[in-house]
Structure formats: structure tokens, C-alpha cells
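Engineer: Sequence first, predicted model second:
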Amino acid sequence: MLESLSLAAGLSWGSGLRLYLTVLLAGVFARLGFIHLPDTLSALSSPWVIGVAGVLTVTEFLADKIPAFDSLWDAVHTFIRIPAGAVLAAGALGHADPALLTVAALAGGTLAGTAHLAKAGTRALINLSPEPVSNVVTSTAEDGLVFGGMLLALFVPLLFLILMVGFLMLAGWALPRLWRGVQGGFRGMATHMVSRFARSRHD
């Protein structure tokens, strides 16, 4: 049960940050025999799924390094990452009781949504900064975070679950502040644009 919970939490959390990399890692490790996935997730080890996930991982890796476009990518993937996190979390429990699967799906969607909102909010705030280097550094750090997190989820489940509790506590503290920061950034940008427009008309 501990391994199943860690797998469910890892897949849903990873989906919120890097869905395609998460699917790719789980599929490759299962294909190589390093981990055993339940029958409900056996499709992840299919060569076709691994191939498509690999292509999409490279696409997301490149798209996520482009300032402003990464926020558009995140906006679109709001409707992909969260449902995928819910489905993967439920699948990680195999053929369990339907009520338990429903709870797992709800928890997985919540965890994926929390990770996604934390990522999207941080990247939006960074995109309001004039320094483009921060975007690339943050994106690369997220790639490493997901890779390391998935390794822990698959091979050191207890430690991963403890870290997930810490992540949820940190996210609960940070998300309202990120939201206020993004709102303030957009208001400041709008005020600056209006001011420039007024000066240009005056000139």
C-alpha cells in the first residue's frame, strides 16, 4: 500500500509539473523491469506510449524555456495536467474498491492542480521580470526536480510521501502570495503601458 500511495502521489505531482516526462519515466522504468506497474497502468510501458511521451517531453522541454510562451503552454495544460493526474493516481491503486479509486482520483487531481498552479504562478511572476535568464534556470530546475522526485516516488516511497506533506504545506503558504504577486505585476505593467500611451499622445 505504501508503494501504491507513493506511485499515485508521484504520478499526480509529476503530472502537475511535467506530465510527459512523468509518463516517460514511469514507462521506461517499467519497460526495463526496474519497477512493476499495476495492470491499470501497464499501457505506460507500451513502446508507442513511451515514444509519444518522449516526443512530447522534448517539445515541452523546449517550449518551457521560452519566456511568455511557457505561460501560454501552462494555461493550455491546465486542462490536461490536472485530469491526467487524477487518472494516473486512480490507476496507481489498481483494481481497488470504486470508492477508494474515487478518493484517489480526487486527491490526485488536487495534488496535480496544486503543483501546476505553483509552477504556473511562479513562471508568470518570473515572466513579469525583465531578466530572461531566470526563466531558463527555473525551467531547468523544474526538469531536475521532477526527475529526482520520480526517482524517490518509485524507489524511496516513505521519504517521498514525507516530502509531499512538506510540499503541500509550502504550497498552501506560497500560492496566495504568488497570486497577489502576479496580480500586482499585471497591474503595474498595465499602468506602465497606459502611461507610455498617454505620453506618446501628448508628444
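Structural biologist: Looks like it arrived, so ask away. Everything quoted here is computed from the prediction, not taken from an experiment.

Engineer: Any regions of the protein where pLDDT drops low?
Structural biologist: In the predicted model, the chain carries pLDDT under 70 at residues 129-133, 181-203.

Engineer: if we go to 90?
Structural biologist: In the predicted model of the chain, residues 1, 65-72, 75, 94-96, 120-139, 172, 174-203 satisfy pLDDT under 90.

Engineer: Please identify which helix or strand holds residue 76.
Structural biologist: Taking DSSP states H and E as the criterion, residue 76 maps to helix 69-92.

Engineer: ok, residues contacting that helix?
Structural biologist: Residues outside helix 69-92 that contact it (Cβ atoms under 8 Å, 6 or more residues apart in numbering): 4, 7-9, 11-13, 15-16, 19, 22-23, 38, 40-41, 60, 63-64, 101-102, 104-109, 111-113, 115-116, 119-120, 123-124, 127, 135, 139. Quick note: C-beta positions are derived from backbone N, CA and C, even for glycine.

Engineer: of those residues, buried ones?
Structural biologist: 7-9, 11-13, 15-16, 19, 22-23, 40-41, 60, 63-64, 101, 104-105, 107-109, 111-113, 115-116, 119-120, 123-124, 127, 135, 139 (16 or more other Cβ atoms under 10 Å).

Engineer: Among those residues, which lie within helices?
Structural biologist: In helices, defined here by DSSP state H, the members of the buried ones among the contacts of helix 69-92 are 7-9, 11-13, 15-16, 19, 22-23, 60, 63, 101, 104-105, 107-109, 111-113, 115-116, 119-120, 123-124, 127, 135, 139.

Engineer: Quick check: the gap between residue 156 and residue 2.
Structural biologist: 11 Å (Cβ to Cβ, to the nearest Å).

Engineer: More neighbours: which of those two?
Structural biologist: Legend: neighbour count by other Cβ atoms under 10 Å for residue 156 and residue 2, higher for residue 156 (13 against 10).

Engineer: Next up, phi/psi of the more buried one, please.
Structural biologist: When read as degrees, to the nearest 10, the backbone of residue 156 gives phi -130, psi 70.

Engineer: and residue 179, what is it in contact with?
Structural biologist: Contacts of residue 179 (Cβ under 8 Å, 6+ apart): residue 121.

Engineer: Name the helix or strand for it, please.
Structural biologist: Secondary structure assignment for residue 179, by DSSP H and E: helix 157-202.

Engineer: Give the closest residue to residue 57 in space, chain neighbours not counted.
Structural biologist: residue 20 (4.4 Å; Cβ to Cβ, 6 or more residues apart in numbering).

Engineer: Quickly note the distance from the one you found to residue 68.
Structural biologist: 21 Å.

Engineer: Looking at these two, which is more packed in?
Structural biologist: residue 20 (23 against 13).

Engineer: Can you name the residues that contact the more buried one?
Structural biologist: Residue 20 neighbours (Cβ under 8 Å, 6+ apart): 53, 56-57, 59-60.

Engineer: what's the answer for residue 114, then?
Structural biologist: Here residue 114 is in contact with 16, 167-168, 171, 175 (criterion: Cβ under 8 Å, 6+ apart).

Engineer: among those residues, who's most crowded?
Structural biologist: Neighbour counts for these peak at residue 16, which has 28 neighbours (criterion: other Cβ under 10 Å).
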